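# What follows is a predicted protein model with its sequence.
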Amino acid sequence: MSLVIKGNNLLVVDCLNLCFRFKHTLYKVEDVDVVEPTWATLEDMVEVMREELAHVYFKDEFINTINSLAASYRCSNIIVAADLGSSAWRKALYPEYKGDRAKKYGDQPLVEQAIGKVFMEHYYKLLEDLKSEGINTMFSVGIEADDIVAYISLNHTHKYEHMWIVSSDGDLDLLLSNKVSRFNWATKNTWKNADKTGPRPKEVTLDNWKEHYEYPFEWHLDMKAIKGGEDNIIGVKGVGPKRAVDFLTKYSSVEGLTAALPLPGRASYITELNASGDRLKLNKKLMDMVTYNKEIMPLDLTRQIDALF
């Protein structure tokens, strides 16, 4: 299916997500000529890495990328949505939200931890530099980029022919509509499924949904709630995509499934599912960036965004 792009469109960039594209290519451990001393502290290594990585600050690459995408997708306006800490609203609901990250990064060698810290320093510098360059850049402490993107898609897409989200995060596919699509910068050209031929589209749209997912768009949030996510949102052990599809085929939604619990059966995944009713409801609420967007977004930030339109 060929993609026809026309008209006056809006580009909304998931900033930190796109920055990871440059982290993967520019901040490689194997490219750093440093031997980690046995006596070194993390602070010592960060000082070393600041000097080693000063030349790889990626502001120009970032700006060139978003300008190129804006031209390709005929966008007359660009908004950069940035994370400034994890979601305070979600942490209040679920204190363990993203709680696995400290351990994950803490288990890395000091060199990798130091590279990560310098990368984040560059990210925060980028936010200020983007503003200095006159690029609309929205962020607020305790608010995630996903929620900023959601606010724009829910309130301002009527002013454009189409809105393009730049992100590799499939959670944002909850926002797709006939006026909202996503460009996935991380999509590989080849298909996992050997039966499919031709280039794999980087665009995720309602029209090509079946090329990316094996279930209907309407199930996307429920599928994620059942399977869990990367933010320490724990799914039902033993229930993968196929079983999740089977459950949604029968019960239509997380609400329908939890209302039917306990299910009969002695299989371990049934036992796990029967004990997961409250968790599934919480997962769905945590991952629902549409229903609760007004609760999540602070008034001063929404006013800043509204002023752009």
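Good, I have the coordinates.
# hey, where'd the strands end up in the stretch 201-309 of the chain?
With DSSP state E, counting those that start in this stretch as the criterion, the stretch 201-309 of the chain has strands at 203-204.
# ok, D129 - contacts?
K59 (CB atoms under 8 Å, 6 or more residues apart in numbering). Just so you know, the C-beta spots here come from the backbone N, C-alpha and C atoms, and that holds for glycine as well.
# mind checking how far K285 is from S268?
26 Å (CB to CB, to the nearest Å).
# more neighbours, the two?
A side-by-side neighbour count of K285 and S268, using other CB atoms under 10 Å, places K285 first with 16 against 10.
# Might one say that that one is in contact with R279?
No. In this structure K285 lies outside contact range of R279 using CB atoms under 8 Å: 10.8 Å.
# Quick one: neighbours of L299, just the number.
Neighbours of L299 (other CB under 10 Å): 8.
# Now do the buried residues in stretch 69-89.
69-70, 73, 75, 77-83, 86-89 (16 or more other CB atoms under 10 Å).
# Give me the neighbour count for A225.
27.
# In terms of helices and strands, where is M163?
According to DSSP states H and E, M163 maps onto strand 162-166.
# Go ahead and produce CSV holding the CA coordinates of that strand.
Presented in CSV, the C-alpha positions along strand 162-166 are these (Å, rounded to 0.1, in the frame of the first residue of the first chain):
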residue,chain,number,x,y,z
HIS,A,162,-2.7,15.2,9.8
MET,A,163,-0.5,14.8,12.8
TRP,A,164,2.6,12.7,12.6
ILE,A,165,4.2,11.3,15.9
VAL,A,166,7.9,10.6,15.7
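# need the helices for the chain, in chain order.
With DSSP state H, the ranges of helices along the chain come out as 15-26, 42-52, 59-72, 88-93, 101-106, 110-132, 145-155, 220-227, 241-251, 254-260, 268-274, 277-287, 293-296, 299-307.
# who does the fourth one touch, helix- and strand-wise?
In this structure, helix 88-93 packs against helix 277-287, with contacts taken as 3 or more CB pairs under 8 Å, 6 or more residues apart in numbering; DSSP states H and E.
# Just the C-alpha atoms of the helix it packs on, please, in PDB.
C-alpha atoms of helix 277-287 as PDB (Å, rounded to 0.1, in the frame of the first residue of the first chain):
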ATOM      1  CA  GLY A 277      -7.800  -9.100  38.300                       C
ATOM      2  CA  ASP A 278      -6.900  -6.000  40.200                       C
ATOM      3  CA  ARG A 279      -3.500  -5.800  38.500                       C
ATOM      4  CA  LEU A 280      -5.100  -5.900  35.000                       C
ATOM      5  CA  LYS A 281      -7.400  -3.100  35.900                       C
ATOM      6  CA  LEU A 282      -4.500  -1.000  37.300                       C
ATOM      7  CA  ASN A 283      -2.300  -1.800  34.200                       C
ATOM      8  CA  LYS A 284      -5.000  -0.600  31.900                       C
ATOM      9  CA  LYS A 285      -5.400   2.700  33.900                       C
ATOM     10  CA  LEU A 286      -1.600   3.200  34.000                       C
ATOM     11  CA  MET A 287      -1.300   2.700  30.200                       C
END
